[in-house]
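Asks: I'd like to go over a predicted model; first the sequence, then the structure.
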Amino acid sequence: MDSDQFLIALTTLPAEHDAEQFASHLVDERLAACVNILPPVRSVYRWKDTMERASETQLIIKTTRDQIERLEARIREMHPYEVPEFLVISVAHGGSAYLSWVRDSTVKP
């Protein structure tokens with residue numbers, strides 16, 4: 001299976017935001033096969049020329065190249081931040097059974 005059609009997208013949410021509900025929407029809408037929700041992390045960043053610190057939840061989203069534009073649009077629509085993190089990492093290699101599952105999970109029946 002050609003792994004270059006598979007992607008991992010990253011986004012963060014405020015720690016107090018309902019990350020499980022956010023992730024459930026993405027999976028239910030078949031924009032993602034799976035979303036990992038990591039425990040809260042501390043983030044330090046510059047926003048509007050001010051040093052900020054926040055407790056955030058990191059989401060790791062498994063998806064396909066076919067869904068990436070719709071995924072980004074949906075994240076922007078649901079996200080509480082003015083400029084949400086949206087970083088995409090290409091998959092160099094993956095188990096064929098797992099990649100088949102990701103593909104099948106992101107195709108509308």
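Replies: All right, it came through fine.
Asks: helix/strand/coil for residue 20?
Replies: helix (DSSP: H, G, I helix; E, B strand; the rest coil).
Asks: What count of nearby residues applies to it?
Replies: 10 (other Cβ atoms under 10 Å). No exception for glycine: its C-beta is placed from N, CA and C like everyone else's.
Asks: so it sits right up against residue 37, yeah?
Replies: Yes. With contacts counted by Cβ atoms under 8 Å, residue 20 reaches residue 37, the gap being 6.4 Å.
Asks: is it true that residue 12 lies in a helix?
Replies: No. Under three-state DSSP, residue 12 sits outside any helix and is assigned strand.
Asks: Distance check, it against residue 5.
Replies: 25 Å (Cβ to Cβ, to the nearest Å).
Asks: If you count surrounding residues, which of the two has more?
Replies: Per other Cβ under 10 Å, whichever of residue 12 and residue 5 has more neighbours is residue 12, with 23 against 14.
Asks: My guess is that one contacts residue 59. True?
Replies: Yes. With contact defined as Cβ under 8 Å, residue 12 counts as touching residue 59 (7.0 Å).
Asks: SS state for the residue nearest to the spatial centre of the chain?
Replies: Relative to the mean C-alpha position of the chain, the nearest C-alpha, by Cα atoms, centre = their mean, is the one of residue 61, at 3.5 Å. With three-state DSSP as the basis, residue 61 sits in strand.
Asks: ok, it touching residue 9?
Replies: Yes. Contact criterion Cβ under 8 Å: residue 61 and residue 9 qualify, at 4.2 Å.
Asks: Mutual contacts of these two, please.
Replies: Taking Cβ atoms under 8 Å, 6 or more residues apart in numbering as the criterion, residue 61 and residue 9 both touch 32, 71.
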